[in-house]
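In: With the input below, show me the fold.
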Amino acid sequence: MTTITSPRRPRISHKGAIAFFLIPFGVLFALFYVIPIIFAMIQSTLVVQRDGTFGKSELVFGGLSQYALVFQNEAFWASMGRMLLFGVVQVPVMLGLALLFALLLDSPLLRGKRFFRLAFFVPYAVPGVIAAIMWGSLFSPNLSPFSSVTQNIDFLGADLVLWSIANVVTWVFVGYNMLIIYSSLLSIPSEIYEAARLDGAGQFRIAWAIKIPLVRPAITMTAIFSIIGTLQLLAEPQVFRSFSSAVTSTFTPNMAVYAAASIPNTNLAAAFSVVLALITFVLSFGFMRFTQRKEIS
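Out: Take a look at the predicted model:
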C-alpha cells in the first residue's frame with residue numbers, strides 16, 4: 001500500500017533580508033498609521049467633565065456620546081453629501097481625461113510625446129495650495145485678468161464654487177492619474193497590437209477593444225485613490241475661503257474635523273475622524289468589490 005505524501009513547502013531563504021526590508025516599513029506604518037488610529041478611537045470615547053462652571057476639567061469615559069453628537073451634526077453630514085456630489089461628477093471627468101491623455105500618449109499617431117507627457121504632468125508638480133491660490137485669483141472678479149468673464153459669471157458664488165474647486169482638483173491630478181494608466185498601457189505586449197492590426201483593426205478599435213479593457217485594473221486603482229482623496233479634501237477649499245464667503249468652515253468633512261479641533265474639542269474631532277475613516281473605507285472597498293464582480297461576470 002502506497003501512501004501519498006503532501007509536497008513539502010519550499011523553504012524560505014534569506015529571512016534576515018526580508019525582515020531587513022519589512023521592519024522599517026512596519027515601524028513607520030505602526031507609528032504614523034496604526035497608533036494614531038487607535039489613539040483617535042480612544043479619544044473619541046472621552047468627554048470633558050467639570051466640577052461646576054469654572055471647576056477643573058478632566059477627561060472621563062463617555063461611551064458613544066461623541067458619536068451621538070456626530071450623527072446630530074447637520075453641517076458635517078451636509079459636507080459629506082457635498083463631497084459625494086463632488087465625487088460623482090469630478091472623479092469620472094478627471095479619470096476620463098486621464099484615460100484620454102494616456103491613450104493619446106500611447107498612440108503611434110501622436111508626435112512630440114515627451115513634450116505632451118511633461119505638459120500633462122506639470123500641474124501635479126504644483127502644490128495644491130499654490131494651485132488653489134492661482135485659480136482662486138483667476139476666478140476672482142477683482143483679481144482676474146479675465147474680468148469681463150468673472151464679472152458676468154460668479155465662479156465663487158454658492159452655486160458654482162464647488163465646481164470651481166473641482167476644476168482645481170481636476171487640473172492638478174489629471175496628470176498623476178494619466179501616468180498610472182499610461183504605465184499600465186506600456187506593459188501590454190506589442191504582439192497583441194500586431195495581431196489586431198493583422199485582423200484589420202484601426203487605432204480606435206484597438207484602443208476600445210484592447211487597451212481600455214487591459215488597463216481596467218489601473219483605472220480601478222486610480223478611482224479608489226480619487227474616492228479617498230475626495231473625502232479628504234482640505235487644502236483647496238480652505239484656500240478658497242479667502243476668496244469666497246460661500247465656503248464655510250464646514251464645507252468639507254475634513255474642514256469640519258479641523259473646525260471642531262480648533263474650538264478646541266479634540267474628542268469630537270476624533271469622533272468625526274473615525275466616522276469619516278469608516279465611510280471612506282466602506283465606499284472605497286465597496287467600489288473595489290463592485291468592479292471585481294463586474295470583471296468576473
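In: Could you pull up phi and psi at L234?
Out: Per-residue torsions, L234: phi -140, psi -50 (degrees, to the nearest 10).
In: what separates it from I279, distance-wise?
Out: Separation of L234 from I279 (Cβ to Cβ, to the nearest Å) stands at 16 Å. (Glycine included, C-beta is placed from N, CA and C.)
In: G128 now?
Out: Per Cβ to Cβ, G128 is found 22 Å from I279.
In: Between the two, point out the one with more neighbours.
Out: Counted by other Cβ atoms under 10 Å, G128 and I279 do not tie: G128 has more neighbours, with 18 against 15.
In: helix or strand for the nearest residue to A246 once chain neighbours are set aside, which one?
Out: Of all residues not flanking A246 in the chain, A158 sits nearest, at 4.2 Å (Cβ to Cβ, 6 or more residues apart in numbering). Using DSSP states H and E, A158 sits within no helix or strand.
In: OK, contacts around L95?
Out: N177, I219, T222, A223, S226 (Cβ atoms under 8 Å, 6 or more residues apart in numbering).
In: Recalculate using a threshold of 10 Å.
Out: Counting by Cβ atoms under 10 Å, 6 or more residues apart in numbering, L95 touches T170, F173, V174, N177, M178, I181, I219, T220, T222, A223, F225, S226.
In: Correct me if wrong, but the third one is in a strand.
Out: No - with DSSP: H, G, I helix; E, B strand; the rest coil as the criterion, V174 is helix rather than part of a strand.
In: Please report the distance of it from L143.
Out: According to Cβ to Cβ, V174 and L143 sit 25 Å apart.
In: Quick check, T150 in contact with G136.
Out: No - look at T150 against G136 with Cβ atoms under 10 Å: they stay out of range, at 11.1 Å.
In: The two - which one has more neighbours?
Out: The residue with more neighbours, out of T150 and G136, is G136; 25 against 18, by other Cβ under 10 Å.
In: Nearest residue to the middle of this structure?
Out: Among the residues of the chain, the one closest to the centroid is G229, at 1.9 Å (Cα atoms, centre = their mean).
In: Let me see the contact set for that one.
Out: Taking Cβ under 10 Å, 6+ apart, we find G229 in contact with G87, V91, M94, V169, F173, T280.
In: State the helix or strand in which it lies.
Out: Applying DSSP H and E, one finds G229 within helix 216-231.
In: Need the contact partners of the next helix or strand after that helix.
Out: Heading C-terminal from helix 216-231, the first helix or strand you meet, by DSSP H and E, is helix 235-240. For helix 235-240, contacts defined as Cβ under 10 Å, 6+ apart pick out 79, 82-83, 86, 127-136, 139, 156, 161-162, 164-169, 172, 244, 246-249, 251-252, 254-255, 258.
In: Pull helix 235-240 out as CSV, backbone CA atoms only.
Out: Extracted C-alpha coordinates of helix 235-240, given in CSV (Å, rounded to 0.1, in the frame of the first residue of the first chain):
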residue,chain,number,x,y,z
ALA,A,235,-6.3,72.4,1.1
GLU,A,236,-8.2,73.7,-1.9
PRO,A,237,-11.5,74.7,-0.2
GLN,A,238,-9.5,76.1,2.8
VAL,A,239,-7.7,78.4,0.4
PHE,A,240,-10.9,79.3,-1.4
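In: Measure how far the lengthiest helix in the chain is from the centre of its chain, please.
Out: Using DSSP state H to define each element, the chain has its longest helix at helix 74-106. Distance of helix 74-106 from its chain centroid, counting by Cα atoms, centre = their mean, to the nearest Å, is 9 Å.
In: cool, and stretch 138-155?
Out: Stretch 138-155 sits 29 Å away from the centroid of its parent chain (Cα atoms, centre = their mean).
In: which residues in the stretch 101-250 of the chain form helices?
Out: 113-125, 128-139, 147-150, 161-186, 190-198, 203-206, 212-214, 216-231, 235-240 (DSSP state H, counting those that start in this stretch).
In: can you redo the ones you listed as TSV with mean pLDDT?
Out: Shown next, in TSV, are the helices of the stretch 101-250 of the chain (pLDDT from 0 to 100):
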stretch	mean pLDDT
helix 113-125	88
helix 128-139	93
helix 147-150	87
helix 161-186	95
helix 190-198	89
helix 203-206	89
helix 212-214	92
helix 216-231	94
helix 235-240	94
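In: With respect to A17, which of these lies nearest?
Out: Proximity to A17 (Cβ to Cβ) singles out helix 161-186 among these, at 27.3 Å.
In: Taking helix 113-125 as reference, get the angle to that closest one.
Out: Angle, helix 161-186 to helix 113-125, by axes from the mean of the first three to the mean of the last three Cα atoms, to 10 degrees: 140 degrees.
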